[in-house]
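>>> got a structure for you, letters missing:
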Ligand code: TNX
């Protein structure tokens, strides 16, 4: 087992005493003859391994007997492995990876990747390790506990480029996560081009927390993010936060705004009405104007059309400026708009104050308003702030991050069971888990990495590994093995004193 240090911990690991598999100049990657999505997966592996090993690693289709020394990808195996499960057999003379679906092959390759030395992550042969490219022999059979394992990035408080978003996607992929939630709008910035409402991006996108220049994604940028994520079997979930957290939209289209007075801010803004502070709760769309719902329809229609994934997030958090009834009416109307444009609505837990459609998902983050959704029979994505908020400081000494939900050291992020988080929430009502990275205090990708590592992999294991198959001591030992990999990838991380790195 010592050599099988994989995060998240796989369901079944059977180590073997046989000699390891070694990648050499002769190693080929063999795919199912009818390629399809599996072809992409094989190319992904070759693209990972070619720069570091400097081996040719040809990718060839073929269903016959595999050539000696090959890494073989096959579609198949027991249907019980599900959409993302796989079986990986590593022997001295071959690697055989089988999965019913291409997504399972991709997840399985992340296990193979972690069984290989961290040097495979190096971008150039110059960083090549003296040691051989070996993976320990044995068998892994694996499948996730929960269907939704996500990371959120708040690109509104601080804007992140397409390239930086892709780096976040890469991290999700490494830890077998399957959902990338993009918080695309908030008081401080609107980050997505909407053709029918051009001022949203042009005006609403012009600044960010602290007064930097902000930015936004064109439709082409967004398509590129979606494509990159899909290549890694990751679904993009776009969020437009409503009716609160809407100041940037209101600065662009003042007729939809019914906010309380804007809190004081200390820096000059490039357009009147923009906000660069970090107070929450004061902005709101007008719940009782048809102009508001025409606006929502325009935005949801365009966003739904550019989003291949099934979900559209409507926010719904922290609205102090509306009564409960006004809020509920708003949520119900917006929910209908999302459904009319063919998407499944998801919103922060407060949406349970409205009457939810059966498919609608609530994202728990703080209090037991999540129970309002559970009592209506709706499923939850769990993001408990005191455990899963990766924007919280690790300790009082952490420079970045906020502290309102407490300090979240690594063990706190790891040591909890989604099915035991609070009374009345069972395994059946939990769709999965998600780590939100709010960015009031984070303006660089290296700062984001510091907050994500090592907590994102901890959350990934909470979501992937069966409760009975994981424990803190095991995680502690396995996560230590990841640090060299992060360094090879050029990633910043918090060297938590809880781990013997
Ligand atoms: C609460 S969590 C918020 C965000 C902040 C975050 C900071 C939630 C749904 N709303 O607006 O960015 O706290 O931790």
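Great, that's in hand. All of these numbers come straight from a predicted model, not from anything done at the bench.

>>> Please identify which helix or strand holds the residue of the stretch 251-400 of the chain found nearest the ligand.
Nearest to the ligand, among the residues of the stretch 251-400 of the chain, is residue 317, at 3.3 Å (C-beta to the nearest ligand atom). To be clear about C-beta, it is placed using only N, CA and C from the backbone, and glycine gets the same treatment. If you go by DSSP states H and E, residue 317 is not part of any helix or strand.

>>> What does the pLDDT read for the residue nearest to it when sequence neighbours are not counted?
Excluding its sequence neighbours, the residue lying closest to residue 317 (C-beta to C-beta, 6 or more residues apart in numbering) is residue 348, at 3.7 Å. At residue 348, the model reports a pLDDT of 98.

>>> so residue 348 touches residue 327, yeah?
No - at 11.8 Å, residue 348 does not count as touching residue 327 under the criterion of C-beta atoms under 8 Å.

>>> Those two: which is more packed in?
Per other C-beta atoms under 10 Å, whichever of residue 348 and residue 327 has more neighbours is residue 348, with 27 against 21.

>>> Tell me the residues on the stretch 351-500 of the chain that lie near the ligand, please.
Within the stretch 351-500 of the chain, the positions near the ligand by C-beta under 6 Å from any ligand atom are 365, 389, 391, 402, 438, 440.

>>> Please look at residue 95 and residue 134 and confirm they touch.
No - using C-beta under 8 Å, residue 95 is not in contact with residue 134, being 11.1 Å away.

>>> More neighbours: which of those two?
With neighbours defined as other C-beta under 10 Å, residue 95 and residue 134 compare such that residue 95 has more, 25 against 17.

>>> Is that one part of a helix or strand, or is it coil?
Under DSSP: H, G, I helix; E, B strand; the rest coil, the three-state class of residue 95 is strand.

>>> State the distance from the most centrally placed residue in the chain to the ligand.
Nearest to the geometric centre of the chain sits residue 151, at 2.6 Å (C-alpha atoms, centre = their mean). Distance from residue 151 to the ligand, counting by C-beta to the nearest ligand atom, to the nearest Å: 14 Å.

>>> ok but that residue is inside a strand, no?
Yes - counting by three-state DSSP, residue 151 is part of a strand.

>>> just checking, it touches residue 170?
No - using C-beta under 8 Å as the test, residue 151 is too far from residue 170 to be in contact (11.1 Å).

>>> buried sites along stretch 65-85?
Counting neighbours by 16 or more other C-beta atoms under 10 Å, one finds that the buried residues in stretch 65-85 are 66, 69-75, 77, 81-85.

>>> In strands, which of the residues you listed fall?
Under the assignment DSSP state E, the buried residues of stretch 65-85 contribute 71, 72, 73, 74, 75 to strands.

>>> confidence score at the second one?
At residue 72 the predicted local distance difference test score is 96.

>>> Against residue 392, how distant is the residue in the stretch 351-500 of the chain that the ligand sits nearest to?
Nearest residue of the stretch 351-500 of the chain to the ligand (C-beta to the nearest ligand atom) works out as residue 438 at 3.4 Å. Distance of residue 438 to residue 392, computed by C-beta to C-beta, to the nearest Å: 9 Å.

>>> shared neighbours, these two?
Here residue 438 and residue 392 have residue 402 as joint contacts, going by C-beta atoms under 8 Å, 6 or more residues apart in numbering.

>>> ranges for the helices of the stretch 101-250 of the chain?
Here the stretch 101-250 of the chain has its helices, by DSSP state H, counting those that start in this stretch, at 102-115, 162-174, 199-202, 219-231, 247-252.

>>> swap in the stretch 351-500 of the chain?
In the stretch 351-500 of the chain, the helices defined using DSSP H, counting those that start in this stretch lie at 370-375, 385-388, 410-414, 445-452, 455-464, 472-480, 483-488.

>>> Can you mark which positions in the third one are buried?
By neighbour count with 16+ other C-beta under 10 Å, helix 410-414 contains the buried residues 410, 412, 413, 414.

>>> How about the first one?
Residues 370, 371, 372, 373, 374 are the ones in helix 370-375 that count as buried (16+ other C-beta under 10 Å).

>>> mind putting those residues in CSV, distance to residue 163 and pLDDT included?
Putting those into CSV (distance: C-beta to C-beta, whole Å; pLDDT from 0 to 100) gives the following:
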residue, distance to residue 163, pLDDT
370, 35, 95
371, 41, 95
372, 40, 96
373, 36, 97
374, 39, 96
